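Asks: Below are the sequence and a predicted model for it; my questions follow.
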Amino acid sequence: MQPTYLPWCGYFNLIDSVDCFIFLDDVKLEKSDWHVRNRIKSANGELLLSISVNLPKGRMDTLINQALLDLSQPWKKKHLKSIYTNYRKAKYFDEIYPFIESLLLKEGVLLSTFTIDIIKAIANKLKIETKFFLASKMEATEGVKDKRLVELCHQVGASHYISPVGASAYIEKNSPGGEIVKNDILLSYQEYIHPNYHQLYKGFQSHLSIIDMLFNCGFDAASQLISNRGKVC
């Protein structure tokens, strides 16, 4: 999976469902994608938090692991202010806010390092013991698309590949199971049933950043909601 900013709870369910999780950090960055943004809940509805980045090789050619955080812009301060303002009355604010603040204020300039470190730290708090790998640090692969996924699976000795169900059209574009099944790797799809939980403000909004669940439920309850709601078929 590509590293994203403060991912939703289903992302962590996928991590929890596997033995090895590979961050696909050496693919093209999309500035309008979840690579650099995510949503929280406010009294007026969802609120988008976006990272300012610099693209050394331009909009069309910069990879995720080449993008740089634009620290000349006060986006970190703005994000923390928005998080503080909208979650200060949440049940677990005193536990969660200092943790999130420390992650966002961590020094560094690479976007991929910033987002991946956040994901790893949250996964650790959720008691997820999955092993993490960076595609950019693995042996070079010649394949593209699902052929590359097969090569990465071989490098970690994987016999079973679990994909978000939304990727089925991509994987199976040319044949059922695509190159994954052709190479005798078992293919399964994750189906995460988004849980309802108490939120601040009126109505329930799903598919927000994981921090919404953390502020409202705490680490222990969030860990259970993430591990119990996923299934593989």
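Replies: Arrived safely, thanks for sending.
Asks: Would you mark the buried spots in whichever helix in the chain runs longest?
Replies: When the chain is parsed with DSSP state H, its longest helix is helix 210-228. Neighbour counts over helix 210-228 (16 or more other Cβ atoms under 10 Å) mark 210-217, 219, 221-223, 225-226 as buried. From N, CA and C alone the C-beta is placed, and that goes for glycine too.
Asks: okay if I get the residues you listed as JSON lines plus distance to Glu191?
Replies: Formatted as JSON lines, the buried residues of helix 210-228 follow (distance: Cβ to Cβ, whole Å):
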{"residue": "Ile210", "distance to Glu191": "18"}
{"residue": "Ile211", "distance to Glu191": "23"}
{"residue": "Asp212", "distance to Glu191": "21"}
{"residue": "Met213", "distance to Glu191": "18"}
{"residue": "Leu214", "distance to Glu191": "23"}
{"residue": "Phe215", "distance to Glu191": "26"}
{"residue": "Asn216", "distance to Glu191": "23"}
{"residue": "Cys217", "distance to Glu191": "21"}
{"residue": "Phe219", "distance to Glu191": "24"}
{"residue": "Ala221", "distance to Glu191": "22"}
{"residue": "Ala222", "distance to Glu191": "19"}
{"residue": "Ser223", "distance to Glu191": "19"}
{"residue": "Leu225", "distance to Glu191": "15"}
{"residue": "Ile226", "distance to Glu191": "14"}
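Asks: Looking at those residues, which is nearest Val150?
Replies: Of all the buried residues of helix 210-228, the one with the least separation from Val150 (Cβ to Cβ) is Ile226, at 28.0 Å.
Asks: Wait, the closest one touches Cys9, no?
Replies: Yes: at 5.5 Å, Ile226 counts as touching Cys9 under the criterion of Cβ atoms under 8 Å.
Asks: circling back to that earlier point, return the list of helices and strands in contact with the longest helix of the chain.
Replies: When contacts are defined as 3 or more Cβ pairs under 8 Å, 6 or more residues apart in numbering; DSSP states H and E, helix 210-228 packs onto helix 9-16, strand 37-42, helix 75-87, helix 93-104, helix 111-125.
Asks: Quick check: which of these is nearest to Ser163?
Replies: helix 9-16 (8.6 Å).
Asks: how about that closest one as PDB, C-alpha atoms only?
Replies: Output in PDB follows, covering the C-alpha atoms of helix 9-16 (Å, rounded to 0.1, in the frame of the first residue of the first chain):
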ATOM      1  CA  CYS A   9      -9.100   2.800  10.400                       C
ATOM      2  CA  GLY A  10      -9.500   0.300   7.500                       C
ATOM      3  CA  TYR A  11      -5.800   1.000   6.500                       C
ATOM      4  CA  PHE A  12      -4.800  -0.300  10.000                       C
ATOM      5  CA  ASN A  13      -7.100  -3.200   9.700                       C
ATOM      6  CA  LEU A  14      -5.300  -4.300   6.600                       C
ATOM      7  CA  ILE A  15      -1.900  -3.900   8.400                       C
ATOM      8  CA  ASP A  16      -3.300  -6.000  11.200                       C
END
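Asks: what about the very next helix or strand once past that helix, average pLDDT?
Replies: Counting by DSSP states H and E, the next helix or strand C-terminal to helix 9-16 is strand 20-23. Across strand 20-23, the average pLDDT comes to 96.
Asks: and what of stretch 153-164?
Replies: 92.
Asks: Give me the phi and psi for Ser188.
Replies: phi -130, psi 160 (degrees, to the nearest 10).
Asks: Quick check: it touching Val165?
Replies: No: in this structure, Ser188 is not within contact of Val165 by Cβ under 8 Å, at 9.7 Å.
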